[in-house]
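Predicted model and sequence below, questions to follow.
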Amino acid sequence: QVQLVESGGGLVQAGGSLRLSCAASGRAFSSHSMGWFRQAPGKEREFVSALNWSGSNTYYSDSAKGRFTISRDNAKNTLYLQMNSLKPEDTAVYYCAGGRVATSRVAAYDYWGRGTQVTVSS
């Protein structure tokens, strides 16, 4: 069992940066692939980024590529998402998730946090 708690969201102007963190409980964190997803009001939850258990393989959505960086620190049981050059369309609740495979599929993840709000003003 892995419990996930996101933090680091907030209000930022377009072009700004935020770093999201996802703190995981339990020793199983280092054996899980992890992902970031987001959900804007009235829209479906969408994939942002994912990485495997070691962090050696990373994956990004087209909208995140070149602006966001996913990373993890297994010694600290923490997942990160560095977000640069933020745009108003990045406004959403951001969720971290844990699963067996690093994938863009929402259904593949077994554990989810409650999310952190990111709002980007124009």
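That came through, no problem.

For Thr78, give its distance to Ala92.
21 Å (CB to CB, to the nearest Å). For the C-beta atoms, the positions are set from N, CA and C on the backbone; glycine is no exception.

which one of these two has more residues nearby?
Set Thr78 next to Ala92 and count neighbours by other CB atoms under 10 Å: Ala92 wins out with 22 against 17.

Surely the more buried one is in contact with Arg38?
Yes: proximity of Ala92 to Arg38 meets the contact threshold set by CB atoms under 8 Å, at 3.8 Å.

Overlap in contacts, the two.
Val118 (CB atoms under 8 Å, 6 or more residues apart in numbering).

Excluding chain neighbours, give the residue nearest to the residue positioned nearest the centre of the chain in space.
By CA atoms, centre = their mean, the chain has its centre lying nearest to Trp36, at 2.5 Å. Nearest residue to Trp36, sequence neighbours excluded (CB to CB, 6 or more residues apart in numbering): Val48, at 4.3 Å.

now the strand or helix carrying that neighbour, how far from the chain's geometric center?
Val48 belongs to strand 46-51 when elements are defined using DSSP states H and E. Centroid separation for strand 46-51 versus its chain: 6 Å, with CA atoms, centre = their mean, to the nearest Å.
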